[in-house]
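A.B. asks: compute the structure for the input listed below.
(one chain, ligands or ions: 1)
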Amino acid sequence: MRSEADFLVAFHKGRVLIAPDGEGAWRLVRPGEVALAERAAESLFRFDRPLSAEALMLSDEEAEAVDGNSFRLVPLRETSVMLPSAHYTAAAKSAELMHWDSTTRFCGSCGAPMRRNTEISKLCTACGREIWPSLSPAAIVLVRRGDEALLVHAKTFSRPFYGLVAGFVETGESIEETVVREVKEETNLEIRNIRYFGSQTWPFPAQLMVGFTADYAGGELRFADGELTSGGFFSRDALPLIPGPPSIARRMIDAWLAEAEPGGRAGEE
Ligand SMILES: [Zn+2]
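C.D. replies: Here you go, the predicted model:
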C-alpha cells in the first residue's frame, strides 16, 4: 500500500474540488477530509512535485455529496487565481494526466486496451506499444514596433480582450519558424529579432505555451486567414482590455509595460 499523499486533486467534469483555507483563501483538499470510494491504482495518478498529491476523478454521487457547504467544485481556469501557485500547478498537471488517461484507453496501433505500466506510461495489452503523456507545443509572440505592441483579438477568445498572436507548432517545424509563419499567416507582417521570453503549461487540455518577443520588420497589417478579427499596434497609454492572469500573454504584456517604468526592463525574463 502506498503512503498517503498530502493533497487530493479531485476532478469532476473539468472542475476541481477546493477547500477554504482561512480568510478568503483556498487550497486543495486533504485525504480524509472527504469520503471517497476505494479506487483502483490504475485510476489514480500520484506525484510529488510541485507537492505531494494524488489525482482522481469523482463519481457523480461523490461530486454531489462534496460540493457546497465548505468545499467547492470550481472550474480549473478559475482556480488559477484562487489557489496558491503550487496547488494550481498540481491541479493543472493532474488535469493533463487525466485527459491523457481518458483519451488513451485503447492502442492507436492495434486497437487493444492499454494498461498502466508506470506512473506516466501505458503499455498495449496486445502489441506491447508504450506511450507517455504528450503535450502540444504552441508559440505566442509579442511583436513590437517602436513603443507599440501588436495586440489582436481572435474568434476563439472567450472574452472581448486583445491578446497576442499564437499558434501550434506544425510537423517539421522549429518553434522559431512557427513564430514567423503564424505572424505572417494571421497578420501579414514580417518580423525579426525573435527572442525567447519564457514558457508556461496550459492545461486546456495539454499545451505548452512558449513565449517570444519580436520586432516588426515590414508589411501591412491584414487579418486574412479568419482566425483574428481585429487588432493593431497599441501604445502603453492606450491599451485595450488585455488577458487576465494566469496567461503567459498577460505576463508578456506586463513585462513590456514595465519597460517604460523607472528602472527599465525589470519585468523581462
Ligand atoms: Zn497495440
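
A.B. asks: the ion contacts on this structure?
C.D. replies: Within the chain, the positions near the ion by C-beta under 5 Å from the ion are 107, 109-110, 112, 124, 126-127, 129. Every residue, glycine included, has its C-beta placed from N, CA and C.

A.B. asks: list the buried ones in the helix or strand harbouring residue 230?
C.D. replies: According to DSSP states H and E, residue 230 maps onto strand 228-234. By 16 or more other C-beta atoms under 10 Å, the buried positions in strand 228-234 come out as 228, 231, 233-234.

A.B. asks: pick the one among these closest to the ion.
C.D. replies: residue 228 (40.9 Å; C-beta to the ion).

A.B. asks: would JSON lines of the buried residues of strand 228-234 with pLDDT be doable?
C.D. replies: Formatted as JSON lines, those follow (pLDDT from 0 to 100):
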{"residue": "228", "pLDDT": "86"}
{"residue": "231", "pLDDT": "93"}
{"residue": "233", "pLDDT": "97"}
{"residue": "234", "pLDDT": "97"}
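
A.B. asks: tell me which of those residues is nearest to residue 181?
C.D. replies: Of all these, residue 228 has the smallest distance to residue 181: 14.4 Å, by C-beta to C-beta.

A.B. asks: was I right about that closest one contacting residue 187?
C.D. replies: Yes. Counting by C-beta atoms under 8 Å, residue 228 does reach residue 187; the two are 6.9 Å apart.

A.B. asks: which residues do these two both contact?
C.D. replies: Common contact partners of residue 228 and residue 187 (C-beta atoms under 8 Å, 6 or more residues apart in numbering): 152, 165.

A.B. asks: and the pLDDT at the residue nearest to residue 211 when sequence neighbours are not counted?
C.D. replies: Nearest residue to residue 211 in three dimensions, chain neighbours excluded: residue 197, at 3.8 Å (C-beta to C-beta, 6 or more residues apart in numbering). Note for residue 197: predicted pLDDT of 98.

A.B. asks: helices or strands next to the strand holding residue 230 in the packing?
C.D. replies: Helices and strands touching strand 228-234, by 3 or more C-beta pairs under 8 Å, 6 or more residues apart in numbering; DSSP states H and E, are strand 148-154, helix 175-187.
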